[in-house]
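1. Quick one: sequence plus predicted model below, questions after.
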Amino acid sequence: MGAEVVIEGLSKSFGKQAIWRDVTLTLPPGEVSAMLGPSGTGKSVFLKSMIGLLKPDRGRCMINGVDIVTCSEHQLYEVRKLFGVLFQDGALFGSMNLYDNVAFPLREHTKKSETEVRRIVLEKLEMTGLNGADKKLPGEISGGMRKRAGLARALVLDPQIILVDEPDSGLDPVRTTYISQLFLDVNAQIDATFLIVTHNINLARTVPDNLGMLFRKELVMFGPREVLLTSEEPVVKQFLNGKMDGPIGMSEEKDSAQLAAERAMFEAGHHAGGVEDVSGVPPQMQPTPGVPTRMGAVRRKDRVMQILHGLPQEAQQSIIESLSPEEQQRYGVRPQRLATAGHRSAPAENSIPNHHQGQLPDDQVAHIPHPGRAGNHRLRPQDPGSGGA
Ligand SMILES: Nc1ncnc2c1ncn2[C@@H]1O[C@H](COP(=O)(O)OP(=O)(O)OP(=O)(O)O)[C@@H](O)[C@H]1O
């Protein structure tokens with residue numbers, strides 16, 4: 001199973017420029033999480049901080065019990081072996097063919113024989129759909145293939161955590177979906193913990209189990225996908241709809257005068273861009289038929305049902321609706337009726353009045369038959385109105 005990553009109060013600045021402060025979240029083991037955020041909000045800095053390439057100013061980043069912010073160089077070296085990283089362009093060596101690129105970490109960090117190296121390289125090339133491409137140079141293949149080769153290389157040391165930086169950069173929407181499918185298939189096969197940094201709305205809506213968003217130097221939210229996808233938080237809504245209307249501006253954020261001027265413009269009928277309001281929670285992509293079940297998704301179901309009562313009402317309903325009738329019965333929950341427009345909830349005739357803070361009545365709160373580690377109490381959705389944990 002992948003490693004859990006527990007981040008508490010993490011802050012990073014460069015000189016006087018604060019990048020983000022007080023970031024607290026947990027990446028549940030074996031689940032796929034994605035971090036969103038406008039350009040320049042420090043998503044790449046966040047990834048680099050997680051592998052110790054950049055040193056945060058404050059806070060903790062615990063991986064298998066080791067805090068990589070304060071650990072020794074030797075411990076950091078060991079912890080880094082748990083990571084596979086897929087950089088934007090695949091970060092391949094241009095002068096080496098794909099075989100040697102993928103073999104590189106094995107030759108560099110292990111004492112494996114060339115026979116063993118060959119077995120592993122060919123296995124990872126096959127896993128990433130690159131059978132027969134081992135002799136190609138990076139310059140001879142498409143951007144999508146380069147990314148897959150970068151993923152094959154990230155897999156050779158059997159990582160427990162896979163970090164992916166903007167997988168869609170330079171790819172068309174169809175290739176982006178194919179690489180997303182590959183992430184889910186690989187996740188199903190090796191049960192590693194994934195963190196994907198992306199701007200891509202389609203990917204964010206359909207791929208990860210958990211979503212987070214960085215904005216104004218803070219983590220706006222982090223939690224199960226249903227929380228962000230049903231959120232009324234303006235910055236989250238704006239981002240997920242790709243519109244100009246909202247707090248995100250041409251550079252990172254707007255001041256109040258610009259916000260008001262633009263609001264008036266949009267109210268007068270100027271198109272704010274993007275498609276019509278997209279709201280609600282689309283079905284999540286699944287592993288390709290024939291690929292093993294995603295155990296991370298199985299554990300997530302129990303985990304999310306354990307924290308269900310603490311989630312916002314819209315998210316709760318969406319989660320309950322995503323369960324099969326048998327699962328609803330097993331967890332002791334039932335869907336409430338939703339109004340059609342914008343998936344906003346309306347109390348069902350037979351529903352018990354909702355309590356404050358989106359809590360479900362006791363008889364609708366999940367009963368977990370087999371609580372386990374997956375009941376990760378540390379992964380809490382951020383209060384939609386705040387950046388704190
Ligand atoms: N090594 C560094 N030294 C100083 N400033 C840096 C360094 N690395 C990043 N920054 C600054 O940190 C900020 C965040 O950069 P980062 O690349 O993490 O943003 P991002 O959210 O990944 O953006 P994008 O989506 O455009 O890739 C930027 O202002 C950048 O200039």
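-> That came through, no problem.

2. from here on, contacts and neighbour counts on C-alpha atoms
-> Fine.

3. Not counting its neighbours along the chain, what's nearest residue 1?
-> Spatial nearest neighbour of residue 1, excluding adjacent residues (CA to CA, 6 or more residues apart in numbering): residue 191 at 5.3 Å.

4. Does the one you found touch residue 295 like I think?
-> Yes: between residue 191 and residue 295 there is a contact under CA atoms under 8 Å: 6.6 Å.

5. Now do the shared contacts for those two.
-> Here residue 191 and residue 295 share the contacting residues residue 30, scored by CA atoms under 8 Å, 6 or more residues apart in numbering.

6. More neighbours: which of those two?
-> The residue with more neighbours, out of residue 191 and residue 295, is residue 191; 25 against 19, by other CA atoms under 10 Å.

7. can you list the residues of this protein near the ligand?
-> 14, 19, 38, 39, 40, 41, 42, 43, 44, 45 (CA under 6 Å from any ligand atom).

8. who wins for neighbours among the residues you listed?
-> When the residues of the chain next to the ligand are compared by neighbour count (other CA under 10 Å), residue 43 ends up highest, at 25 neighbours.

9. For that one, give me its contacts.
-> By CA under 8 Å, 6+ apart, the contact list for residue 43 reads 35, 36, 37, 197, 214.

10. quick one, helices of the stretch 101-250 of the chain?
-> For the stretch 101-250 of the chain, the helices defined by DSSP state H, counting those that start in this stretch occupy 114-127, 143-155, 173-190, 201-206, 225-229, 234-241.

11. quick one: buried residues of the shortest one?
-> Right, helix 225-229. With burial defined by 16 or more other CA atoms under 10 Å, the residues of helix 225-229 counted as buried are 225, 226, 227, 228, 229.

12. do the same with the last one
-> Of the residues in helix 234-241, those buried by neighbour count under the rule 16+ other CA under 10 Å are 235, 236, 237, 238, 239, 240, 241.

13. which two from those end up farthest apart in space?
-> 235 and 241 (9.9 Å; CA to CA).

14. For residue 130, grab the count of nearby residues.
-> 18.

15. In terms of pLDDT, where does it sit?
-> For residue 130, the pLDDT comes out at 92.

16. same thing with residue 39?
-> So residue 39 comes in at 85 (pLDDT).

17. what's the answer for residue 208, then?
-> pLDDT, residue 208: 97.

18. Now do the contacts for the nearest residue to residue 44 once chain neighbours are set aside.
-> Excluding its sequence neighbours, the residue lying closest to residue 44 (CA to CA, 6+ apart) is residue 165, at 6.8 Å. Residues in contact with residue 165 (CA under 8 Å, 6+ apart) are 44, 47, 86, 87, 88, 196, 197, 198.

19. Looking at those, spot the one nearest the ligand.
-> Using CA to the nearest ligand atom, residue 44 is the member of those that sits closest to the ligand, with 3.7 Å.

20. can you give me how far the helix or strand containing residue 299 is from the chain middle?
-> Secondary structure assignment for residue 299, by DSSP states H and E: helix 295-307. What separates the centre of helix 295-307 from the centre of its chain is 15 Å, taken as CA atoms, centre = their mean, to the nearest Å.

21. So which bits of that helix are buried?
-> 295, 296, 297, 299, 300, 301, 302, 303, 304, 305, 306, 307.

22. same deal with stretch 58-74?
-> 58, 59, 60, 61, 62, 63, 66, 67, 68, 69, 70.

23. ok, now stretch 153-165?
-> Quick answer for stretch 153-165 (16+ other CA under 10 Å): 153, 154, 155, 156, 157, 159, 160, 161, 162, 163, 164, 165.
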